[in-house]
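> generate coordinates for the sequence data below:
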Amino acid sequence: MHDRPMSRKEAGLWILFGVLWLGAIGAGGARLWTYKTTPGAPAPLQRGWPAASRIPRDRARPALPTLIMMAHPNCPCTRASVGELANLMQRLRGRVAARVVFVVPRGAARSWTESDTWRAVQSMPGVTSWIDEGGLEAARFGARTSGQVLLFAANGRLLFSGGITPIRGHLGDSAGQERIVSLVTTGRADAATSRVFGCALGPV
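Numbers count the residues shown, from 1 in each chain. Predicted structure coming up:
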């Protein structure tokens, strides 16, 4: 037996199906790219370290600037922020004290808090973590997005506010990281802010 030739109508339907399928792929890719490149809400700029904060400064090295990163322990985007923090600490080689503040709901289970992101921070040289139950510290620092970084001078003056990833959930060079390195090593940078990419910290 020989296969029946495809009719014009059938051929047209297959072409239409192909066009719709490619269109769906393109639309999905566009939505994903929009999601990845849309920054979160930045922390409002403030003059300095909040007076009410209970996060300890590095008393052994009081002359160092302090970097704070606010993090949701289960935000997948924040894995990249923590990865870039490790890279940043390698570049600065002991010239900054770093704190990662994990914002968790009151009464959260230990298994919810101690995520792979939390574990990655525990093994990071030069970085200590702080559990912010109920989001009190996040509110004091004005942080609204996981991955928000704040750099303070030794005297408590705010030097930088923003993120250190190029887009949501991706490792790579970013304006935020370069500005922090420049501020720590030279005392100046082309800007004091950058976009921050991550999940909303939300009400906790």
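
> for the residue minimising distance to the centre of the chain, give me its contacts.
The chain has Gly147 as the residue nearest its centroid, 2.7 Å off, counting by Cα atoms, centre = their mean. By Cβ atoms under 8 Å, 6 or more residues apart in numbering, the contact set of Gly147 is 40, 69-71, 75, 77-78, 80-81, 163-165, 196-198. C-betas here are computed from N, CA, C, even on glycine.

> give me the number of neighbouring residues for the nearest residue to Ala175 once chain neighbours are set aside.
Closest residue to Ala175 apart from its sequence neighbours, by Cβ to Cβ, 6 or more residues apart in numbering: Ser194 at 4.9 Å. Burial measure for Ser194: 24 neighbouring residues, criterion other Cβ atoms under 10 Å.

> and what of Arg110?
Arg110 is flanked by 7 other residues according to other Cβ under 10 Å.

> now Pro62
Neighbours of Pro62 (other Cβ under 10 Å): 11.

> hmm, back to that, filter the contacts of Gly147 down to the buried ones.
Buried residues within these, counting neighbours by 16 or more other Cβ atoms under 10 Å: 40, 69-71, 75, 77-78, 80-81, 163-165, 196-198.

> between those, which is closest to Arg188?
Ile164 (18.1 Å; Cβ to Cβ).

> still on that earlier bit, pLDDT-wise, what's the bottom of the buried ones among the contacts of Gly147?
Across those, the bottom pLDDT score, 85, is held by Gly40.

> please name the bridge partners of the residue nearest to that one when sequence neighbours are not counted.
For Gly40, ignoring the flanking residues on the chain, the nearest one in space by Cβ to Cβ, 6+ apart is Thr145 at 3.1 Å. Beta-bridge partners of Thr145, counted by DSSP bridges, are Ala200.
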